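Asker: here is the input, now give the coordinates:
(one chain, ligands or ions: 2)
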Amino acid sequence: MKNILEAPFLIEMVRTMTNMYRLGWDERNSGNISLLLDRDQAAQYLDLDGPGRDIPTGFQAPALDGQCFLITGAGKYFKNAQYDPADGLGLVRLTQGGRNARVLWGLSGGGRPTSEFPAHMMSHAVRLGVDPAHRVVLHCHPTELLAMTYVHSLEERAFTRTLWQMCTECVFVFPDGVNVLPWMPCGTNEIGQATADKMSTARLVVWALHGIYAAGRDLDETFGLIETAEKAAQIYLKTAHLPRLNTITDAQLHQLEQRFGVKAREGWLD
Ligand code: 13P
Ligand code: ZN
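Answerer: Ligands and ions are numbered 1, 2, ... in the order given. Predicted coordinates:
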């Protein structure tokens, strides 16, 4: 068996967490990530059929039964992942139709999967139905997007259109726009299911007054989705109190659709 601490997927996960912390998106223990692993790749480092510590999940995810995920631990600080990956992260395999998570590596000292495990697993199931190449769900508390949810309408089309208008590349990066959930208690199956439902039509789901979820094919792409939306929110907040003299028009957004070969969410451009 190879040394898991040298696995590219583990190194990339730790780099992503460190970056997110540095950007101020993951203070204290905030944020969580899950990465669906290629089983042949993961099997180079661990016996995936071997014994492990079983943790009941409190939900079902039959579509993910047997799948292995690299996940962040509940209450763990992104800041510290680089110093002790085996404490902050875990490699788990879902068994019993998703009702059980078997810890095969990490979460040392009795750690548990992120409290947002339901939102992650339910979102994976939905996104895999939309895109078989889907692999990553990522949650964090980016400052500008979070601030924007206090002062902007939470209506999804309006919220998305504002972001699209703030940076030329937004409509190319997230043409499916941003879905928005109203404030709900976090860490529950209910918010997990609501997030997964929203994931059926967009890869970005804002949790009003809390943070954001993103889904994508790899860590870089998923991180980049949030990075781009966060930049747009920053421009919005820097300008919202000033008279708007110029904007990217819908006609120009249509030009960008042509230029980049993407289609903005149906009906969200005039
Ligand atoms: P966890 O530490 O359980 O991952 O929770 C952090 C968080 O952001 C909750 O929404
Ligand atoms: Zn959170």
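Asker: which residues touch residue 97?
Answerer: The contact partners of residue 97, by Cβ atoms under 8 Å, 6 or more residues apart in numbering, come to 60-62, 65. All C-beta atoms are positioned from the backbone trio N, CA, C, and that covers glycine.
Asker: redo that, cut-off 10 Å
Answerer: 57, 59-66 (Cβ atoms under 10 Å, 6 or more residues apart in numbering).
Asker: which among these gets closest to ligand 1?
Answerer: The nearest member of these to ligand 1, counting by Cβ to the nearest ligand atom, is residue 57 at 13.5 Å.
Asker: just to revisit the earlier point, okay, the contacts of residue 97 in JSON lines with neighbour count next?
Answerer: Listed next are the contacts of residue 97 as JSON lines, based on neighbours: other Cβ atoms under 10 Å:
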{"residue": "57", "neighbour count": "20"}
{"residue": "59", "neighbour count": "16"}
{"residue": "60", "neighbour count": "17"}
{"residue": "61", "neighbour count": "22"}
{"residue": "62", "neighbour count": "11"}
{"residue": "63", "neighbour count": "16"}
{"residue": "64", "neighbour count": "19"}
{"residue": "65", "neighbour count": "15"}
{"residue": "66", "neighbour count": "12"}
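Asker: take those and lay them out in TSV including pLDDT.
Answerer: TSV is the format used below for the contacts of residue 97 (pLDDT from 0 to 100):
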residue	pLDDT
57	98
59	98
60	97
61	97
62	98
63	98
64	98
65	98
66	98
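Asker: which two among the residues you listed are spaced furthest apart?
Answerer: By the measure Cβ to Cβ, 59 and 66 form the most distant pair in those, at 16.0 Å.
Asker: buried ones in stretch 39-57, by neighbour count?
Answerer: Neighbour-count burial for stretch 39-57, with 16 or more other Cβ atoms under 10 Å as criterion, is recorded at 42, 45-46, 48, 52, 55, 57.
Asker: then stretch 259-270?
Answerer: Neighbour counts over stretch 259-270 (16+ other Cβ under 10 Å) mark 264-265, 268-269 as buried.
Asker: what does that stretch contact?
Answerer: Contacts of stretch 259-270 (Cβ under 10 Å, 6+ apart): 156-158, 160-161, 164, 168-169, 171-179, 201-202, 249-251, 253-254, 256-257.
Asker: give me the buried subset of those residues.
Answerer: Buried members of the contacts of stretch 259-270, scored by 16+ other Cβ under 10 Å, are 156, 160-161, 164, 171-179, 202, 253, 256-257.
Asker: quick check, residue 121 in a strand?
Answerer: No - under DSSP: H, G, I helix; E, B strand; the rest coil, residue 121 sits outside any strand and is assigned helix.
Asker: by contact count, what packs against the strand or helix carrying residue 102?
Answerer: Assigned by DSSP states H and E, residue 102 falls within strand 100-106. Other helices and strands packing on strand 100-106, by 3 or more Cβ pairs under 10 Å, 6 or more residues apart in numbering; DSSP states H and E, are strand 53-56, strand 68-72, helix 85-88, strand 89-95.
Asker: what residues does the stretch 51-200 of the chain have near ligand 1?
Answerer: 72, 74-75, 114-116, 139, 186-187 (Cβ under 6 Å from any ligand atom).
Asker: format those residues as a markdown table; extra columns: pLDDT and neighbour count.
Answerer: Putting these into a markdown table (pLDDT from 0 to 100; neighbours: other Cβ atoms under 10 Å) gives the following:
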| residue | pLDDT | neighbour count |
| --- | --- | --- |
| 72 | 99 | 31 |
| 74 | 98 | 17 |
| 75 | 98 | 12 |
| 114 | 98 | 23 |
| 115 | 98 | 15 |
| 116 | 98 | 27 |
| 139 | 99 | 27 |
| 186 | 98 | 16 |
| 187 | 98 | 15 |
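Asker: out of these, which are inside strands?
Answerer: Members of these lying in strands (criterion: DSSP state E): 72, 139.
Asker: for residue 1, state which of the residues of the stretch 51-200 of the chain next to ligand 1 is nearest.
Answerer: Distance to residue 1 across those (Cβ to Cβ) is lowest for residue 72, with 23.2 Å.
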